[in-house]
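J.: heads up, no residue letters with this:
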């Protein structure tokens, strides 16, 4: 079944004895003229209307039909039926799936229209070559790959159509988007820091603190001085014993012991997760108190070093930037066409 179907299909089964109606329904009615039908109806002899087809989106003068959407959803439906326990969960998942697929179909039609304007065509040999590459990457023969696709509800023709769409999009992105995407070293470091902080939300740590009364005169100045002294190498424990007002930790040199993420006040927890072992924080305002932290220890990380992860980070950053650039490009294509989603 063609994904970008004509608004009215000649293959609709309208019953016998209605040749004139069948001829009428074979015509494509342009949406731009305001005459595109929201549903296609025919009247059996008993006079009751039956819905044969429904239009779920319009792009320019082309319609995307409910049958297109349902056909595209077939590979996902078995999983929804198997994995979701109740009818209500399944219904919600199917609704969400349909919304995602109709947006995907709209995007594909926009890309197809742009490709036609650019006179870009994907040949059958290119699709066959892509099919062979996918099979090789998955250590399968082409026959076995198509067999597995068929088990998921996708026939060979549909699989080849999907490959055609992917190749076409990749070529259009290469022409229109790829040259604008740049990956800088600071992008890699920002990505790595995000991964580190995300992991630290799961790692226990040991921390010591000095707590000062923030209401007294020059409390901020005193806190800055103590933080500087600790960073300069004075023993944190000795400073805590001398200056902290927290009686429960004073004799332990400010040690709080091992703490799980999320157990300290949020402002303290956020700073602790950003500290490296042995690092001293700047003063932190906590209500009417000022707090200076020292990270004593943290559970061992499972992440590779930045240098070890550089190649993978580059791929991830590039992928994210390409996705954003793709979305901006598609938004531009939408601005050039009439797009209406009716689902």
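T.: Looks like it arrived, so ask away. Just so you know, these numbers come straight off a predicted model, no measurement behind them. Numbering: from 1, shown residues only.

J.: Domains in the protein, by residue range?
T.: Listed by automatic domain parsing, the domain ranges of the chain are 178-191+303-331, 204-298.

J.: and the last one, how far from the chain's centre?
T.: Put plainly, it is domain 204-298. 38 Å (C-alpha atoms, centre = their mean, to the nearest Å).

J.: what is the rounded mean pLDDT of that domain?
T.: In this model, domain 204-298 carries a mean pLDDT of 95.

J.: quick one: residue 225 from residue 241, how far?
T.: Relative to residue 241, residue 225 is positioned 17 Å away (C-beta to C-beta, to the nearest Å). (Each C-beta comes from the backbone N, C-alpha and C, glycine too.)

J.: Equivalent analysis for residue 176, please.
T.: 65 Å.

J.: Spit out the contact partners of residue 244.
T.: Counting by C-beta atoms under 8 Å, 6 or more residues apart in numbering, residue 244 touches 209, 210, 211, 212, 250, 254.

J.: is it possible to export the residues you listed to CSV including neighbour count and distance to residue 88?
T.: Converted to CSV, the contacts of residue 244 look like this (neighbours: other C-beta atoms under 10 Å; distance: C-beta to C-beta, whole Å):
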residue, neighbour count, distance to residue 88
209, 23, 49
210, 29, 54
211, 21, 51
212, 21, 55
250, 16, 57
254, 26, 53
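
J.: Tell me the one among these nearest to residue 341.
T.: residue 209 (54.3 Å; C-beta to C-beta).

J.: Can you classify that closest one as helix, strand or coil?
T.: Of the three states, residue 209 takes strand under DSSP: H, G, I helix; E, B strand; the rest coil.

J.: partners of it in the sheet?
T.: Applying DSSP bridges to residue 209 gives these bridge partners: residue 293.

J.: So which residues of the chain form strands?
T.: Secondary structure of the chain, counting by DSSP state E: strands at 39-42, 50-59, 62-65, 205-213, 255-259, 284-286, 289-298, 339-341.

J.: Same list, the ones you listed, but as TSV with distance to residue 147 please.
T.: As requested, the strands of the chain are exported to TSV (distance: least, C-beta to C-beta, whole Å):
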stretch	distance to residue 147
strand 39-42	36
strand 50-59	31
strand 62-65	29
strand 205-213	51
strand 255-259	54
strand 284-286	61
strand 289-298	49
strand 339-341	35
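
J.: Single out the most deeply packed of the ones you listed.
T.: When these are scored by mean count of other C-beta atoms under 10 Å, the highest mean neighbour count falls to strand 62-65 (a mean of 25).

J.: related to what we said a few turns ago, give me whichever of the domains of the chain is most buried.
T.: Most buried of these, by mean neighbour count (mean count of other C-beta under 10 Å): domain 204-298, with a mean of 16.

J.: what's the span of it from first residue to last?
T.: Distance between the two ends of domain 204-298: 6 Å, counting by C-alpha to C-alpha, to the nearest Å.

J.: any idea how far the closest residue to residue 282 other than its chain neighbours is from residue 319?
T.: Spatially, and ignoring its direct neighbours in sequence, residue 282 is nearest to residue 227 (5.8 Å; C-beta to C-beta, 6 or more residues apart in numbering). Taking C-beta to C-beta as the measure, residue 227 falls 40 Å from residue 319.

J.: thinking again about what came up before, quick one, which of the strands of the chain gets closest to residue 135.
T.: Residue 135 sits nearest to strand 62-65 of all those, at 30.1 Å, using C-beta to C-beta.

J.: For residue 98, which of the strands of the chain is the nearest?
T.: The minimum distance between residue 98 and those falls on strand 50-59, with 8.0 Å, by C-beta to C-beta.

J.: Mind listing the strands that closest one pairs with, and their directions?
T.: Strand pairing for strand 50-59, using DSSP bridges, gives strand 39-42 (antiparallel), strand 62-65 (antiparallel), strand 339-341 (antiparallel).
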